[in-house]
Structures are given as structure tokens and as C-alpha cells.
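*Asks:* What would the 3D arrangement of this be:
(2 chains)
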Amino acid sequence: MNAPREVAPVSEGSLLERESEEDYDAPFLNEITRAKKKVRRDRIVSRGGQLLVLVVIFGSWQLLAQSKVIDPSFVSEPTQFFPSFWHGVVSGSLMNLLGRTLFETFIGFALSVVLGLLGGYVMAEFKVVDSIVRPFMTGFNSIPRIALAPLFVLWFGLGSLSRVVLIISLSFFIVAFNTYAGLQGVHRDHLLLARALGASRAERFFKFVLPSAAPAIFAGLQLALTYAFLGAVVGEMLTGSAGLGGYMALEMGTFNTTGFFGALVLLIIVALVVSIAMRAVEHRMLRWRTAELHGTQA
Amino acid sequence: MTEAAFKGTGLASGQQAPGRAGGGGAAGVMSQSDFAISVQALSHAFAGADGRAAPVLRDINLQVAKGEFIAIVGPSGCGKTTLMNLVAGLEPVQSGMVSVDGHVPRVGDRHVGYLFARDALLPWRTVLGNAALAMEIGGVDKAERNERAMSLLADVGLDHASHSYPAQLSQGMRQRVAIARTLATTPDLLLLDEPFSALDAQTKLLLQDTFARLWAHLSSTVMLITHDLSEAIALADRVVLMSARPGRIKRVFTVELPRPRSIIDLPSEPAFHRIYEELWQELREEVTR
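*Replies:* The predicted model follows:
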């Protein structure tokens, strides 16, 4: 996930005081080459290590199941559920279910983001609102929302709507609280500067407050997305209806662990891809954070 | 820069000020709008820890001519920064009168530029974006502000780093960007609150020199708050010495060093040392009081 790191050609004040370009470049270029080599080496080591972990997990799983140390009807076998996963993907049967789950996840996530950003903004901007709603928000947020799922089914039916509501009940607070914290965290010096430069209210918000809140907001989005997935899958499982969660519940009900693990593999891969994509967007938008956290890298 | 003219007004107002304190009437030959900054019978107090008012400034009278560079020195807690906050409009005037260019000071005045000890660079903006920030808020269009920001960055020796982020810069480089940001709008009045105090000795000299050279091309009035006597003498036309709290103006020194001055060579000038000695003797009484 780490983008190739390059040492930016600006690192120290000393750059200005060097006598000539040559003095400066020779040792510096060496340093860049060395840094690049190290990055490449580190990457090979980590990828190789990750592969090794996978092989060990599934290899021992296979061995233990095949030799009946663990009953394969409980844990299936990698050589069974990987083909089941692949067949489901190619035939499209799992993909249709996945489509439903993703649809619910993204609708729920999108609504949580819109409402959460709005809620966080209102709380940060209007102290009165914050002081009134905060205890209710904290109170509701401390309920284990999954327990409310049957209630949502009663109110909103067996369709996707009840899952969307469940997702919002989970993700909204994460986005709202992170947005609030981010908007509160703006540096005093920056606010003084905004004032001194005569920034308008809108300029103050968009040029000073919002960018400084962006890292906290992104952290909230990342977490909210995880919870959106959770809400969709668990919601489907509880109602036993369509979607990957419903399918998995069904497979477990018929004691078909191979089908269950096959679907789980797909779920893990999709969640990983979405999370990586999200991090890539964050990395692009918050390039300055990388510079801040790693010093000379941009 | 026509120093002679500024010297003249500087001297005149410096001597005039104490006289005005008793008289009260401001109907002199020059009106308030002829001065970049005019402070009359200004007193200020803060609520103390015990709930009683703690006086910070007492009866300050000060006229700063347009284009003049004035430095304010004094012991810690003498109200230097309070004085500047009052001139900046960051703090409401309690008693007396402050006017900037003939108006009541107003925070966010586009004709006033600020430079603080902390650079307040926005970490999410590149060096170029930071240098252009004041112009951006001032409504200068993009092509023009980028061009001007680049030329100012070249002036402060940072054009090669225009796409770096502040986190990638040293403290001195960061303050250079802040200087570029402040000067980009060519403010009529520059308020500097210990802008070089967070830097190491050598970087400080280099930056003072850079600032002095850039200021020479501007017609801005400057009010510099500093603890550093050398800095005050090297940069200013007049140095205002304040007493220990509650701050009064103890004495105003006129710095008769020719311009342009080379900040780096100044310490070897005898005249520089004479003023320094004099200033230090007076300040010492306040510091050790």
C-alpha cells in the first residue's frame, strides 16, 4: 500500500548555504539511490512475508482438516471452499448476492457520510445544539445497535431499507463525532491568521478549518465504511434474506461450511479492495500529511 | 527611500509626544491621518488574578510617520504585545486613542500585514500556496498571485522549494515563507511581533537582512516588537524603550545609521555600539528593578 517513497530534493536549510551545485549533489544522489534501494528491499520482504503467512494458515488448515484432526464438516477445507468461491464468482451466483450487499453498504455509508458531516458541522458550529444533543448522541451511540436490527426489520421490513437504517445507526455517529473533533482541532495560530488576513466566514471555514479537519474526517470515513459492511452483512444474516450475509446464514443453517467459507473469502477480498481504494483516495487528497509524518517525503 | 524626511518627522513626533500628554488637544500642525500610527494618552489594564484591574500600559503617546520603521523594546511583560494588539485592533481600546492611517484600528484590514514569531503556515498548502494565501484572501486572481508569490519566494531564496510542504522545511525557511506571505500584499503597515525570536542566531541575522532588503523596496510603515536590542537598532529608524509594567514610554532613541544598512556588518560599526550601550543602560534599570 505504501507508495514508492522518494526523498524530496529539499530537506534542510543547508541547501541554501552550499557553495555550489556539485558540492551538494554528489552525496545527496547517493543517498537517494540508497533510500530507493532500501524501500524496494523492504517491500519485497513484507510482500514475501505476507505470502508466507497465507501459505502457513491455509496449508495447516488443509493438513489439519484432511488428516481429520479437526472435523472438516466444521471448518471445511481450503481445497474445497476456494473452488466453491471461484465457481460462485465465475457463474455469477455469488456476484449477484455481493451486488445486493454492496448496494446496501454504499447507500447506507453515503447517507451516513452526508448526515454525519452535517451533524458534526452543526455541533461544531453551534454550541447550543451541541450541548443539547450530545447526551442523546452519546447515549444512543452506546446501545449495541445490532440488537436493534430486529426492531428495524419490524419497522422497515425485510428489504434493504432495514439494513440501510441499521448501517446509518452505526456509521452516522462515527462520522459525526470525527467531523466534530476535526473541526474543533483547528490550530489557534491559523484562526488568528484568518482573522488578521480578513478572511470571510466562508473563507475561514473552507481555507482554514475544513482542511485541518480533513485527516480526522478521513479516519472517521474509514471506520464508518467498516461498520457499514458489518451492518449490511449482519443485517442480512439476521433476516436470512438476500445478499451475501443471507446466503452465509443459509449455508450455515444447512451445515454447508464450504459454501459459507467460499462466501467469506469473497467478502474479505471485497472489503480489502474497498478499504485500499479508500486509503488511496485519502493518500492522494492528504499528500501533505505524508510530508508531515515522514519528514522529507511528499 | 527618503530617510532624511522620515528622520525629521520621526524626531519631531518623538519630542512632541510627551508634551501632548499634558495638553490633551490634538490640534497640532499635523492631523492624525498624516501619521501611519497615532497613539494618544493610551492606558490599558487586564483583569488580574485577584479580580482587580492590573494596569499594563500607562499614558502612551506615540506618533509614527508614514514609511517609518519603529521598534519597541522593553522588559518582559511591559505591555509591548498589548500595545501592538491595540494597534492591530485585536484588543479594544479602553482609554485613550489609537488611530491607524487616520482610522480606528480594525482587525482584518487589508492594508495591514502581520508577522509573528510562529509562522502559522498552513501545513496542507505548499510553499507557493502559503505565500499566495494573503493575496488569495485579498481577492487577487490566481495567475497574478502565483506570479507574485513566485517572485517573492525568489526574493527570500525559496523559489526552488515552491512545491514543498511546510513540514519539509527548516524553521528559518518556514519563516521566510511567512515573510513572503506578509509582503505579497504590499501592506501600508507591517506589524511584527518578535518575528525572528524563534530562530537560531545565524538564521536570525540572515532573515533580518532579507527582511531589511525587501522592506527597502516598499513604502510600508513598520512597527516591530522585539526583545533583541541589536535587532531593534539594526532595523529601525527609532527605538521606543518602554518601562517595566505598567508600560510607559521611557525614552525614544533615533538611530542615526545610514541606509541601506548591512545587518551582517553592523555589529562592527562604532555608532551601533554607542546606541546599544545607551539603550542597554536604560533597559537594565527596568529589567533589574
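*Asks:* how about the residue of the stretch 101-250 of chain A found nearest chain B, secondary structure?
*Replies:* Nearest to chain B in the stretch 101-250 of chain A, going by CB to the nearest CB, is A:Gly198, at a distance of 3.1 Å. The C-beta positions use only the backbone N, C-alpha and C, and glycine is treated the same way. Following DSSP: H, G, I helix; E, B strand; the rest coil, A:Gly198 is assigned to coil.
*Asks:* pLDDT value on it, please?
*Replies:* pLDDT, the model's per-residue confidence, is 90 for A:Gly198.
*Asks:* Would you confirm that it contacts B:Gly139?
*Replies:* No. Applying CB atoms under 8 Å, one finds A:Gly198 not in contact with B:Gly139, separated by 10.2 Å.
*Asks:* When the two are compared, which one has more neighbours?
*Replies:* For A:Gly198 versus B:Gly139, the count of surrounding residues by other CB atoms under 10 Å in any protein chain shown is larger for A:Gly198: 17 against 8.
*Asks:* In space, what's closest to the more buried one - neighbours in sequence excluded?
*Replies:* B:Gly108 (3.1 Å; CB to CB, 6 or more residues apart in numbering or on different chains).
*Asks:* OK, contacts around the one you found?
*Replies:* A:195-199, B:89 (CB atoms under 8 Å, 6 or more residues apart in numbering or on different chains).
*Asks:* can you tell me how far it sits from B:Gly89?
*Replies:* Relative to B:Gly89, B:Gly108 is positioned 8 Å away (CB to CB, to the nearest Å).
*Asks:* Ok, B:Ser151 next?
*Replies:* For B:Ser151, the distance to B:Gly89 - CB to CB - is 30 Å.
*Asks:* same deal with A:Asp42?
*Replies:* Going from A:Asp42 to B:Gly89 by CB to CB gives 54 Å.
*Asks:* Which one's more surrounded, these two?
*Replies:* Neighbours were counted for A:Asp42 and for B:Gly89 using other CB under 10 Å; B:Gly89 has more, 20 against 12.
*Asks:* Please report the distance of the nearest residue to that one once chain neighbours are set aside from B:Thr254.
*Replies:* Spatial nearest neighbour of B:Gly89, chain neighbours left out: B:Pro105 (3.6 Å); criterion: CB to CB, 6+ apart. From B:Pro105 across to B:Thr254, the span is 25 Å (CB to CB).
*Asks:* What of B:Ala234?
*Replies:* Per CB to CB, B:Ala234 is found 14 Å from B:Thr254.
*Asks:* Between those two, which has more neighbouring residues?
*Replies:* Using other CB under 10 Å as the criterion, B:Ala234 and B:Thr254 rank with B:Ala234 on top: 24 against 15.
*Asks:* you'd agree the more buried one is in a helix?
*Replies:* Yes. B:Ala234 sits within a helix when classified using three-state DSSP.
*Asks:* With B:Leu218 as the reference, measure out to it.
*Replies:* From B:Ala234 to B:Leu218 the distance is 17 Å (CB to CB).
*Asks:* Can you classify B:Leu115 as helix, strand or coil?
*Replies:* Three-state call for B:Leu115 (three-state DSSP): strand.
*Asks:* which ones are touching it?
*Replies:* When contacts are counted by CB under 8 Å, 6+ apart, B:Leu115 is found next to B:178-179, B:182, B:190-193, B:195.
*Asks:* okay, these in JSON lines with neighbour count, distance to B:Thr203 and pLDDT next?
*Replies:* Shown next, in JSON lines, are the contacts of B:Leu115 (neighbours: other CB atoms under 10 Å in any protein chain shown; distance: CB to CB, whole Å; pLDDT from 0 to 100):
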{"residue": "B:Ala178", "neighbour count": "26", "distance to B:Thr203": "13", "pLDDT": "94"}
{"residue": "B:Ile179", "neighbour count": "27", "distance to B:Thr203": "12", "pLDDT": "93"}
{"residue": "B:Thr182", "neighbour count": "29", "distance to B:Thr203": "18", "pLDDT": "93"}
{"residue": "B:Leu190", "neighbour count": "23", "distance to B:Thr203": "20", "pLDDT": "93"}
{"residue": "B:Leu191", "neighbour count": "26", "distance to B:Thr203": "22", "pLDDT": "94"}
{"residue": "B:Leu192", "neighbour count": "25", "distance to B:Thr203": "16", "pLDDT": "94"}
{"residue": "B:Asp193", "neighbour count": "20", "distance to B:Thr203": "18", "pLDDT": "92"}
{"residue": "B:Pro195", "neighbour count": "27", "distance to B:Thr203": "12", "pLDDT": "91"}
